[in-house]
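Chemist: Sequence first, then the predicted structure:
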Amino acid sequence: MTTTRRLGGLDVPAIGYGAMVLSPGMYGPIDDARADTALTAAIDAGGTFIDTSDAYGERGHNEQLVGRAIRGRRDQVTVATKFGLALADGAEAHAVRVGYAFEELLVNAEPRYVRGYAENSLRNLGTDVIDLYYLHFPDPQVAIEETVGAMGELVAEGKVRFLGVCNVTPEQLRRAYAVHPIAAVQTEWSMWRPVDPDLLAVARELGVGVVPWSPLGAGFLTGTVRALEDGDFRANAPRFDAESLRVNNASYGALETLAAEAGITRSQLALAWLLHQDPAVVPIPGSRTPAHIAENLAAGEVALDPDLLERIDAVLANLTPVGATLLQDAR
């Protein structure tokens, strides 16, 4: 396995680091000292493709954490952030029904606000350029071509290096790319949330990298989630209610045997399996624990032989998770 991959024209480690988990209100309580330690551990271990958003935490908290971590080592790190969910002052909220863990999202991706979003993120991050800038979620009241056109202006001005889109349909990806080259598309994808095959096909056709968010099933695929703390947003998702979690843990326990056979952990099995789906796939698992961060990043070096991959797929074909996943495809 190669330990680096290409997202459009952007070279990054095969496994990135999702910083969302470092802000309170996402996966339960956390303080900044623990978050700082986790980010330093990620960068030190080679997790130098860091994913954040202006909507994680309050008032740019997550981006500010990342900004502190990269200070003095900016040239070692590829920073990706997103916009559209943390509304600009005066921006009208456009509601998108997505269901389950989030119920609905309030977005605004009008072109007139895009530059302001980016400049705010640049301040939070303490940098003069964003390596990969994503539209966090399509705005149902704004043509994606208009938003991406405004994003492209940021590239021309040197504020952004590459563009990405998240949570889009295959058609939306194609329309976005027609306006400006798209380096990466983010979508939920893991062993318990299949990727949209049409989205993957369009990404391959256009040469767009695929960045799976929640590649460990919001932590479920680690095999260690038995209950959730207060303040954990996953408690709103049916797959994580007490009974569903019990049933899902029992059925997905079959992966433990396969991981043990390969001499790796369940987390590494889940991440390595994703990497074997396509050479332009770069998962972004998040963790707050340095040992787990190092474990996840090491999955980039795991090679699964064809026989084991076939057996994994055979097991997954017979597993149907109980309860809905984090997002409903409501676009």
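Modeler: The structure has been received and is ready for your questions.

Chemist: what's the spacing between the residue positioned nearest the centre of the chain and residue 224?
Modeler: Residue closest to the mean C-alpha point of the chain, counted by C-alpha atoms, centre = their mean, is residue 213 at 2.9 Å. Counting by C-beta to C-beta, to the nearest Å, the gap from residue 213 to residue 224 is 20 Å. Where you see a C-beta, it was placed from the backbone N, CA and C, and this is true even at glycine.

Chemist: going on from the helix or strand of the chain with the lowest mean pLDDT, what's the next piece of helix or strand?
Modeler: None of the helices or strands of the chain scores lower by mean pLDDT, DSSP states H and E than strand 94-99, at a mean of 80. Once strand 94-99 ends, the next helix or strand along the chain (criterion: DSSP states H and E) is strand 103-107.

Chemist: Report how many residues lie close to the residue nearest to residue 8 when sequence neighbours are not counted.
Modeler: Distances taken as C-beta to C-beta, 6 or more residues apart in numbering put residue 183 closest to residue 8, at 2.9 Å, once the chain neighbours are dropped. Residue 183 has 24 neighbouring residues, counting by other C-beta atoms under 10 Å.

Chemist: Would you mind giving me the confidence score for residue 183?
Modeler: pLDDT recorded at residue 183 is 98.

Chemist: Surely it touches residue 207?
Modeler: No - taking contacts as C-beta atoms under 8 Å, residue 183 lies outside contact range of residue 207: 9.1 Å.

Chemist: Report the set of residues contacting both of those two.
Modeler: residue 8 (C-beta atoms under 8 Å, 6 or more residues apart in numbering).

Chemist: pLDDT at residue 192, what is it?
Modeler: pLDDT, residue 192: 89.

Chemist: Backbone dihedrals for it, please?
Modeler: Main-chain dihedrals, residue 192, degrees, to the nearest 10: phi -120, psi 10.

Chemist: From residue 158, how far off is it?
Modeler: 41 Å.

Chemist: The two: which is more packed in?
Modeler: Applying other C-beta under 10 Å to residue 192 and residue 158 shows that residue 192 carries more neighbours, namely 22 against 9.

Chemist: Tell me who's in contact with that one.
Modeler: 217, 220, 221, 239, 248, 252, 319, 321, 325.

Chemist: For it, give its distance to residue 75.
Modeler: Distance of residue 192 to residue 75, given as C-beta to C-beta: 37 Å.

Chemist: Ok, residue 46 next?
Modeler: Distance from residue 46 to residue 75, by C-beta to C-beta: 15 Å.

Chemist: More neighbours: which of those two?
Modeler: A side-by-side neighbour count of residue 46 and residue 75, using other C-beta under 10 Å, places residue 46 first with 19 against 7.

Chemist: so the more buried one sits right up against residue 14, yeah?
Modeler: No - between residue 46 and residue 14 there is no contact under C-beta under 8 Å: 9.6 Å.

Chemist: Mind listing the shared neighbours of those two?
Modeler: Joint contacts of residue 46 and residue 14 (C-beta under 8 Å, 6+ apart) are residue 3.

Chemist: quick one on the thing from earlier: save the contacts of residue 192 as CSV, and put in neighbour count and pLDDT too.
Modeler: Output for those, formatted as CSV (neighbours: other C-beta atoms under 10 Å; pLDDT from 0 to 100):
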residue, neighbour count, pLDDT
217, 24, 88
220, 25, 85
221, 24, 87
239, 22, 79
248, 22, 84
252, 21, 87
319, 13, 86
321, 18, 84
325, 22, 65
